[in-house]
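Undergrad: turn this into a model:
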Amino acid sequence: MKKLLIVILFCVCAFGEMKFSDPQPTFENPRKWVIKLNTANVEDVNHMLGSIYNVLKEYPSETIKIAVVTYAQGVRSVRKDYDANTLIRVKSLMDYEVEFIVCRNTMDTMGWKDEEFVPGVTYVQAGIAEVIERIADGWIAVEPY
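TA: Residues are numbered from 1 along each chain as shown. Next up is the predicted model:
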């Protein structure tokens, strides 16, 4: 019994709290994460959304900014006719100020209009260029799927 308590105590101490690198994220200097989304595969999109939820749980409120840049097939994931359950998760993340950004070049190629997308997304002409500029501005690019 004593060994079990020691193991439990070790696990709680070792894995209980996130240790942030210096400088630590703050309201004035938040971490900035840009995600490139170029797939419409529902499983991959939901895995990415789950990863975002997990990251949001680790950071104190307003100390992380997250932007999901959709381009190519990824643009489908924020259309009103996409998987309804996934769109509920997207809208929920928007309530946490996660940005969802749509590539107009893809929209033009597919003949899609703004009104076909969930309210609250933003638009850029070239999704890849947006990712490049975010990285140049210090955003970290990690693909969670």
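Undergrad: centre of the chain versus stretch 46-58, how much separation?
TA: Computed by Cα atoms, centre = their mean, to the nearest Å, the separation of stretch 46-58 from the middle of its chain amounts to 7 Å.
Undergrad: which residues sit against that stretch?
TA: When contacts are defined by Cβ atoms under 8 Å, 6 or more residues apart in numbering, stretch 46-58 is touched by residues 18, 33, 35, 37, 64, 66, 68, 86, 89-90, 93, 96, 98, 143-145. Glycine gets a C-beta too; all of them are placed from N, C-alpha and C.
Undergrad: for these, which one is nearest Ile128?
TA: Leu37 (11.7 Å; Cβ to Cβ).
Undergrad: let's see which of the contacts of stretch 46-58 end up in helices.
TA: Mapping the contacts of stretch 46-58 onto helices (DSSP state H) picks out Thr86, Arg89, Val90, Leu93.
Undergrad: most neighbours of all the residues you listed, which one?
TA: Comparing the ones in helices among the contacts of stretch 46-58 by number of neighbours (other Cβ atoms under 10 Å), Val90 comes first, having 21 neighbours.
Undergrad: that one contacts Arg76, correct?
TA: No: under the criterion of Cβ atoms under 8 Å, Val90 makes no contact with Arg76, lying 11.9 Å away.
Undergrad: can you point out the buried residues in the longest helix seen in the chain?
TA: Scanning the chain for the helix with the most residues, using DSSP H, yields helix 42-58. By neighbour count with 16 or more other Cβ atoms under 10 Å, helix 42-58 contains the buried residues Asp44, Val45, Asn46, Met48, Leu49, Ser51, Ile52, Val55.
Undergrad: check stretch 59-67 too.
TA: Tyr59, Thr63, Ile64, Lys65, Ile66, Ala67.
Undergrad: first vs last residue of it, how far apart are they?
TA: Using Cα to Cα, to the nearest Å, the end-to-end distance of stretch 59-67 comes to 15 Å.
Undergrad: contact partners of it?
TA: 18, 25-27, 30-35, 52, 55-56, 93, 97-99, 101, 134, 139.
Undergrad: going through those, which ones are buried?
TA: By 16+ other Cβ under 10 Å, these give 25, 31-35, 52, 55, 93, 98-99, 101, 134, 139 as buried.
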